[in-house]
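K.L.:
sequence first, predicted model second:
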Amino acid sequence: MFGLLPAGFLSLLLFCFLITSSSGTVSQALQDLQSQTGDVIVKGDPDFETRKLIMNAACTDEPAIIVVPKTDLDVSVALKAAKNSGLPLSVRSGGHSYTCNSIKEGSLHIDMRGMNTVQIVQDSDSPTGLVAMLDAGATWGSVLRSIPPTSYSYPHGQCRSVGVAGYLLGGGVNWLGTYNKYGYGAENILAMRAVLSDGRIADVTPEKTEIIFPSQQTITHTTDNNLFFALRGAGSSFGVVTQFKYIIHDTPETLPAILLAWADSTSDLEAIKAAAQESPDYSITISEEFTRDFWQNPQVALIYKFLFPPIMTVLRRIGNKFHGTDSFPVFLTVTDISTQATRTTNVIRAADYVKSKGVRLVMRNNFMITLFHIFAEVLYEANIVEQEQWQPGQYQLASLNFGSLDSHQAFEDVFFNDPNFGNKRSDFLKSVNDGCDYCFWMIHYRNRQYQTPVSALNPISTERSEDKPNSLDTNLVCMFSDANSECSTIVNDIKDKIEAKAAVIDPTYTKYVNFPSCSNPNWADKYWGNGVSALQTIKSEWDPDNLFNHCQSIGSSPVSGQDCCPFADPITQTTTSLNSCQTTTGQTCVFPFTHQGV
């Protein structure tokens, strides 16, 4: 019958179908949401424009409905409303997803920030006797204020505005000391409250999933249904976790000593790696910043703008004359992770240790070493405070991440010679002049000293590369406010260079789902290793309709998962599309109607 109608009329019919179908599903969802107690916000409401924003300004999708639940039952109602109406689902806690996982066009968007309680309690399940009950919508800034690091320690997001749930469900690393001392954040989870794809509410522990609503049921975990395994590392593909029971240590978090070192050659990098991995007492990271006008705190803004570049240039000249180097020095954070560690790392003892391993420090006088540490610590603390005040949607983000590398070889040439970020670059501020407002590059050396009892018996789903205990990780993250900036291209070019070398030199490298590089079609294996097959089986048990889907989730195809990231290179497919249809938002129609085919 349709073959008798003009092609233009068919297009009009399809367009009208998409319009009426969309409005109908939104109306149905709004009706279903009347039974929950949280705020329901739609376009035109006063809070809609701010509530829809997440941290990465490159994520511009606009939801149809925003729900701000107050209770587990509210989340249950929202999930059933999304499922019954056919609207896509998106969920956010802190909204820091680099790949826009926490927002979707035309979605029913669950904003967990209304559930943000933090409480420390005594609990015999914890090896320390202490746990934190952390709501999903809390930020690590609020956790650190409620459970202060001057008295307690635990893995947490380095950026204080990062949400609890996204950090823990993705694995949770902190490369300034707590990772090597206590492991991944996800390894410190003892139990979770989760809302499942069909709206059931459950308590998830290592041994079982206990359904508590709408009726009670105990499901003993097997390899085919182990939700505790799946949620800790690939969690956003399996449910909405509303609360975590989290191990807390009753010792203060140790602040690092900050040292300035030469990293001018392969031997310099190898000396730093040796220092980082040949003692159980220290965790070491190379940390570099690339910026000029980014920080606005009056305490540090003038230093970055007027003092930092010329000081680094002078130090390079001093190094050339007296140390035989021709590069800008790098910052080392050296954290005491011994069992005797207190709130601060002894700066001189840390400096003496790294020097004993062949690390060449810029300052050789103990007074100057201490003075520089104090100066750097003031900068760091001021920046941490300012970071928590960043507004969503202010900066676009581009990143790369490579983990479990045996050596620096895959990125060594970039580290030394890249014109924007190499420490032998001719222009100290070239990345800034090329449009990157702020970038940081970290090289973290694995030196794990502890495995929580719960994770020893129940490994997390994040690929941990336990067979490579002396490996290293590197990640570069850039922020830029100009949408026409070359910054994303610069980062992608570097990523491609490292990826090509790593594939040959270090093919067993991994990636971390919370710092996605989005450039390898085997992204799932890089994130979850040999656990991918088990995760797919568990997915079919708990979310057979793939309600919890997003860029690079369990259930996404290799191609759709590779092509959905911001600034991703287009992927040419050999298959022919069903038609040239586009939705009202400009997306290609996929049959059945699902966002980007996932």
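P.N.:
Structure received.

K.L.:
going by C-alpha atoms from here, please, whenever you check contacts or count neighbours.
P.N.:
Noted.

K.L.:
where does pLDDT dip in the stretch 351-500 of the chain?
P.N.:
Scanning the stretch 351-500 of the chain for pLDDT under 70 picks out no residues.

K.L.:
where do the strands of it begin and end?
P.N.:
Assignment of strands within the stretch 351-500 of the chain using DSSP state E, counting those that start in this stretch yields the ranges 396-405, 438-445, 472-480.

K.L.:
which one, of those strands, ends up nearest to Lys208?
P.N.:
Closest to Lys208 of the strands of the stretch 351-500 of the chain, according to CA to CA: strand 396-405, at 31.4 Å.

K.L.:
picking that back up, quick check: which of the strands of the stretch 351-500 of the chain is buried the most?
P.N.:
Highest mean neighbour count of the strands of the stretch 351-500 of the chain: strand 396-405, a mean of 25 (counted as mean count of other CA atoms under 10 Å).

K.L.:
then that strand to PDB, C-alphas only?
P.N.:
Provided in PDB are the C-alpha atoms of strand 396-405 (Å, rounded to 0.1, in the frame of the first residue of the first chain):
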ATOM      1  CA  GLN A 396      34.300  20.900  27.500                       C
ATOM      2  CA  LEU A 397      36.600  17.900  28.200                       C
ATOM      3  CA  ALA A 398      38.900  15.800  26.200                       C
ATOM      4  CA  SER A 399      40.900  12.900  27.700                       C
ATOM      5  CA  LEU A 400      43.100   9.900  27.200                       C
ATOM      6  CA  ASN A 401      43.900   7.100  29.500                       C
ATOM      7  CA  PHE A 402      46.200   4.000  29.300                       C
ATOM      8  CA  GLY A 403      46.700   1.600  32.200                       C
ATOM      9  CA  SER A 404      48.600  -1.500  33.200                       C
ATOM     10  CA  LEU A 405      51.600  -0.400  31.000                       C
END
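
K.L.:
relative to strand 472-480, how tilted is it?
P.N.:
Compare the direction of strand 396-405 with that of strand 472-480 by axes from the mean of the first three to the mean of the last three CA atoms, to 10 degrees and you get 180 degrees.

K.L.:
between strand 396-405 and strand 438-445, how many degrees?
P.N.:
10 degrees.

K.L.:
which residues does strand 396-405 contact?
P.N.:
With contacts defined as CA atoms under 8 Å, 6 or more residues apart in numbering, strand 396-405 is touched by 55-58, 98, 465, 468, 471-481, 483, 487-488, 491-492, 495, 506, 508-512, 515-517, 566-567.

K.L.:
so what's the residue count around Lys357?
P.N.:
16 (other CA atoms under 10 Å).

K.L.:
so it sits against Glu270, correct?
P.N.:
No - using CA atoms under 8 Å, Lys357 is not in contact with Glu270, being 9.6 Å away.

K.L.:
so Ser58: helix, strand or coil?
P.N.:
For the record, residue 58 is Ala, not Ser. Under DSSP: H, G, I helix; E, B strand; the rest coil, the three-state class of Ala58 is coil.

K.L.:
what's the local residue count around it?
P.N.:
Ala58, neighbours per other CA under 10 Å, totals 22.

K.L.:
pretty sure it is touching Pro566, no?
P.N.:
Yes - judged on CA under 8 Å, Ala58 makes contact with Pro566 at a distance of 6.5 Å.

K.L.:
which residues do those two both contact?
P.N.:
Contacts common to Ala58 and Pro566, judged by CA under 8 Å, 6+ apart, are Cys100.

K.L.:
residue nearest the middle of the protein, spatially speaking?
P.N.:
Closest residue to the average C-alpha location of the chain: Asn514 at 2.7 Å, with CA atoms, centre = their mean.

K.L.:
chain neighbours aside, what residue packs nearest to that residue?
P.N.:
The shortest distance from Asn514 to any non-neighbouring residue, by CA to CA, 6 or more residues apart in numbering, is to Gly170 (5.8 Å).

K.L.:
Asn225 now?
P.N.:
In space, Asn225 is closest to Ile538, 4.7 Å off (CA to CA, 6+ apart).

K.L.:
gap between the two ends of stretch 106-119?
P.N.:
35 Å (CA to CA, to the nearest Å).

K.L.:
return the set of buried residues in it.
P.N.:
Residues of stretch 106-119 classed as buried: 106-118 (neighbour count, 16 or more other CA atoms under 10 Å).

K.L.:
coming back round to it: out of the contacts of strand 396-405, which are buried?
P.N.:
With burial judged by 16+ other CA under 10 Å, the buried subset of these is 55-58, 98, 465, 471-481, 487-488, 491-492, 495, 506, 508-512, 515-517, 566-567.

K.L.:
and the residue nearest to the centre of the chain, backbone torsions?
P.N.:
Torsion angles at Asn514 (phi, psi; degrees, to the nearest 10) stand at phi -80, psi -10.
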